[in-house]
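Enquirer: coordinates for the following, if possible.
(chains A and B)
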Amino acid sequence: MSWASVLADRIRALIHRDAVLQDIDEELRSHVEMEADANRELGMPAEDAFRSARKSFGNLGNIKDLAYEVRGGGVMETLWQDVRYGIRLLTKNRRLTAGVVLTLAVVIGANSLVFSVVHAVLMRQLDYEQPDRLVQLWESGLGGGGQGDWVSFPNFKDWAAANRTFEDMAAYRFSPMTLSGDGAAESMLGLQVTDRLFGILGVQPAAGRLFERGEDVPGHENVAIISHALWQRRYAGDRGAVGKQVTVNGKPYAIVGVMPHEFGFPSGLPGELGPIQVDIWIPMLQAPDLAQRGWRNFWVIARLKTGSTIEQARAEMQNIGAKLALQYPATNKDLGVAVVSLQDYVTGSVRPALLLLLAAVGVLLLLACGNIANLLLSFAESRRREMALRAAIGAGRTRLIRQSLMESALLAFVGAGAGLLMAFYGLDIVVRWIPSDIPRIQQTSIDGDVILFTSVAGIAAGLLFGLAPALSGSHRHVYESIKHAASNLTAGRSSLRLRHAFVAGQMAITVMLLIGAGLLIRSFANVMSLDSGFEPANLVAGIINLPPSRYPDEEQQVRFFAEAIRRVRALPGVVSASVSNSIPMTGINDQGGFRVEGLEPGPGQPGPEANRPHVSVDYFESMGIRLIKGRFFDERDSASGAAVAIVSDLAVEAYWANEDPIGKRLSVREGDGPPVWREIVGVVNATRHFGLEARQLPEVYIPYAQSPSAFAVLTVRYRGDADQVIRASRREVGSLDPEQAGFLMFRMDNVVSASQAGRRFHTLLLTIFAVLGVFIASIGIYGVTAYNVSRRTREIGLRLALGARPSGVVRMVLTSELRILAIGIVAGLIGAVAFSRALTSFLFGVAPLDQATFALVIAIAILVAVASTYLPGRSAAVIDPAISLREE
Amino acid sequence: MTNQKADLLQGTLDMLILKALSVGPLHGYGIIQRIRRMSDEMMHVEQGALYPALYRIEQRKWVKSKWGHNETGRRAKFYTLTKAGEKQLKEEEASWDRFAMVIAKMREAT
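Expert: Numbering: from 1, shown residues only, chains lettered A, B, ... in the order given. Predicted structure coming up:
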């Protein structure tokens, strides 16, 4: 293509500019010489020959220019000239350049950081095949609100059979598992899955194979797939691990496959104890509970058929749910089905906060650009003469604008580059501080998309702050300034309006930022003051899951835990120990219905629902739960003793509001069979089972001895070092049963603070952004006001000379500037009213139009406004009229 | 000068240069002389018009240039027609002939 070769020539000409010019020169000269030769041959005298030849050429310079236009660098060359000129200008004005580049670096760096988090967490697709076709299904409408409840197995089977919009469906449940038989016992989180799960995900194993159809049927189920991490740490990545015989929860299994390094399922789920990491997958264990339609312990995932939409699936599942509700009113009454895209489910909980942060940091960029634009505007005005001179010697307006934009482009380029560097180094720090329960946070990195974003941000910033100065600096009226001494008064009229607009805008944005931050801070304070109901400090808990094969009956389970408690309590530093089948703040609970004697629900009404922890004797003391009335459980409440229960104060409020609950009776027996009436012997403080901000259920406690289970949480209150207690506890339990030695233990204070971590993080960040914003805006406003005043020195000097009092001058300056700022504040308030409604989902215990916050912010804004105008005003008052009048 | 007229003139000039070079390689001065001779002194190309046109033609790879020496030993830059240039010349001449035929026919009609 000829234009490509033209381009190549032009680029070559750029590099060899001098060579090209010389070549043209030589050629033209040789032409003249040859013509002179010809002239001489025709008899012209030597001198005349040359002169005549030279004259016939005409304007040699012009011809050289014309020739060079064809062969030279063209537009690119002028651009390159602009670049060099811009660089020279910026290095001459070091303070300006440094200030702008630094501001840009900080603000663009912050933007890149937040974006990289948003990108890794929200935008990147999950690592399954066509992950946008995957959905999660929940039973919905049963006291759970939006997200929905876990699913029961019979419901899952019916859903799978009846639907037509899904290609396939699978169910799974979490199961703590102990892996042993080929080394030390190790405790981990496992997943029991139906056979179609891996097929739905569409993944391939790193070694071995996946489950085949029908492998979740009794007789074929003793196969296991392990995670890459487990493969590395337990088998050192040895391929021989495939086929190994191991023991899982006491039963023999064969490892048939290993998943790849990137694979995780469920993916990126925030756990109360850190991101959930499942290390082993086994086929769904057959258990009698699987036939219970009311036992909701399963998660369901499905893949949409090609061509089906999620809305179609929702509609169909609603119908199916309705049919089941009619068929099985006892368990499925009023039960619908919620269908959520998997991507949304995984990231949904953090999406709002992350987007809020992105918006806030974008606003910060706007503020910074406003500042820089003001700075450059003032700078451009101080170069008016230079611009006018250049216009006079022939630079067109376009060229002037282009040069000005080039300066802004250079600044933006360097600023964005520095910002990217800052983001790169800042990433390590940020990732360490970020709450780890944000899904996929560990995958945050500065990758191609982030670099692209930074470039776009840089370009946008450059345009934002570059256009105004470029346009105003090359304005026609610029020419006047060379001539008129009155230039200080007339020139820059439109730029004054621009500056006023910027200042008002910055004020408005600052007000909005402050109000947003203020509302969030108050919400955060409210959440922090919530009572978890127990004492998380100096408390550790561990999850023990006794394999039913070796502890088949309750007596063995009770004996095991009783002995475990006795041994752990005897450890040095341990204050008390207990077991229970649920523990607050973790979501590990036993939620279900119960019956209040004398308070039967009407037909069609749901019965009372509660958390029903089964706790051993010292539970309340271990947990630090307060006794309000009556007594705690003690030795009387054994298996042979009378059936008793303890309720929380929330339960009393709900069901025994005007009576003394002590002595009343309730039953927690579910399903068919006569109720086992238990007498209430105590009332305790309510605890929060699902997290600080989640809803609270009433609690009904039952003695562990009267309703044992193989699954229990060991809680230990201690003095001294947590790790030591954890190690010692594990040792003691291990001495009872080596298979249980590696059981999962964690600190409760970590759990509580982890649950606050998300809110703490985004409140902190937003506060930082707001403070930064106020800082940037204040500097900007101060700078502009000072500049405006300096432009009025002649006028002020005149007034002072004519007898005006300095205080009057100050008042005059302040009034005009403050008026603009007041407009900005009002605009900001209006904007805040509009957008604070959008913040409702983040607020806790605070109304969007909270008066206290608004009032405080208005006060701060007025303070900032007055402070930024007072100083320039005062310096205006001390202007010496003689000097200012002489000023040109 | 409107663009159309300039293009027409430019195209014509290009063709003249190519035609001049079709006889044999020449330097700039020689091209001007040869065009004068070939047109019976009716066509005088100015240096200011020639050189930009020459460079343009060179960029399109219709001619290539090399420094050499003329008969009197003076250093000069010689231009040679390339294969592509030959082709271009033939095409231009063909379209000129067509154009001339059309004009002739139009003139014959009443």
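Enquirer: list the residues that contact the most centrally placed residue in chain B.
Expert: Among the residues of chain B, the one closest to the centroid is B:Ile17, at 1.8 Å (Cα atoms, centre = their mean). Counting by Cβ atoms under 8 Å, 6 or more residues apart in numbering or on different chains, B:Ile17 touches B:Ile31, B:Ile35, B:Leu50, B:Ala53, B:Leu54, B:Ile57, B:Val63. Any C-beta I mention is one placed from the backbone N, CA and C, and that applies to glycine too.
Enquirer: please tell me how far the fifth one sits from A:Leu28.
Expert: B:Leu54 sits 11 Å away from A:Leu28 when distances are taken as Cβ to Cβ, to the nearest Å.
Enquirer: in stretch A:507-526, which residues are buried?
Expert: Buried residues in stretch A:507-526, defined by neighbour count with 16 or more other Cβ atoms under 10 Å in any protein chain shown: A:507-524.
Enquirer: can you narrow those to ones near chain B?
Expert: By Cβ under 8 Å from any Cβ of the partner chain, no member of these lies near chain B.
Enquirer: coming back round to it: after the helix or strand where the residue nearest to the centre of chain B lies comes which helix or strand?
Expert: Element membership of B:Ile17 [criterion: DSSP states H and E] is helix B:3-23. Next along the chain after helix B:3-23, taking DSSP H and E as the criterion, comes strand B:26-27.
Enquirer: who does that next one touch, helix- and strand-wise?
Expert: Strand B:26-27 sits against helix A:17-41, strand B:75-81, with contacts defined as 3 or more Cβ pairs under 8 Å, 6 or more residues apart in numbering or on different chains; DSSP states H and E.
Enquirer: give me whichever of these is most buried.
Expert: Of all the helices and strands packed on strand B:26-27, strand B:75-81 has the most neighbours on average by mean count of other Cβ atoms under 10 Å in any protein chain shown, namely a mean of 19.
Enquirer: one step back: dump the contacts of B:Ile17 to TSV, plus distance to chain A and pLDDT.
Expert: Output for the contacts of B:Ile17, formatted as TSV (distance: Cβ to the nearest Cβ, whole Å; pLDDT from 0 to 100):
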residue	distance to chain A	pLDDT
B:Ile31	10	93
B:Ile35	14	91
B:Leu50	9	91
B:Ala53	9	91
B:Leu54	9	92
B:Ile57	10	90
B:Val63	13	93
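Enquirer: go ahead and build a PyMOL selection from the buried members of those residues.
Expert: Entered in PyMOL, the line below selects the buried ones among the contacts of B:Ile17, by 16+ other Cβ under 10 Å:
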select buried, chain B and resi 31+35+50+53+54+57+63
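Enquirer: A:Ser56 - that's part of a helix, no?
Expert: Yes. Counting by DSSP: H, G, I helix; E, B strand; the rest coil, A:Ser56 is part of a helix.
Enquirer: now do it: how many residues are near it, please.
Expert: For A:Ser56, the neighbour count with other Cβ atoms under 10 Å in any protein chain shown is 13.
Enquirer: for A:Leu856, same thing?
Expert: When counting by other Cβ under 10 Å, one arrives at 15 neighbours for A:Leu856.
Enquirer: just the mean pLDDT for stretch A:731-741, thanks.
Expert: Mean per-residue pLDDT for stretch A:731-741: 81.
Enquirer: okay, that stretch in PDB with CA atoms only?
Expert: Written as PDB, here are the backbone C-alpha positions of stretch A:731-741 (Å, rounded to 0.1, in the frame of the first residue of the first chain):
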ATOM      1  CA  ARG A 731      -3.300 -33.100  71.500                       C
ATOM      2  CA  GLU A 732      -5.800 -34.000  74.200                       C
ATOM      3  CA  VAL A 733      -8.500 -34.800  71.700                       C
ATOM      4  CA  GLY A 734      -6.000 -36.700  69.600                       C
ATOM      5  CA  SER A 735      -5.000 -38.800  72.600                       C
ATOM      6  CA  LEU A 736      -8.700 -39.900  72.800                       C
ATOM      7  CA  ASP A 737      -9.000 -40.600  69.100                       C
ATOM      8  CA  PRO A 738      -6.000 -40.100  66.800                       C
ATOM      9  CA  GLU A 739      -8.300 -39.700  63.800                       C
ATOM     10  CA  GLN A 740      -9.700 -36.500  65.400                       C
ATOM     11  CA  ALA A 741      -6.400 -34.900  66.200                       C
END
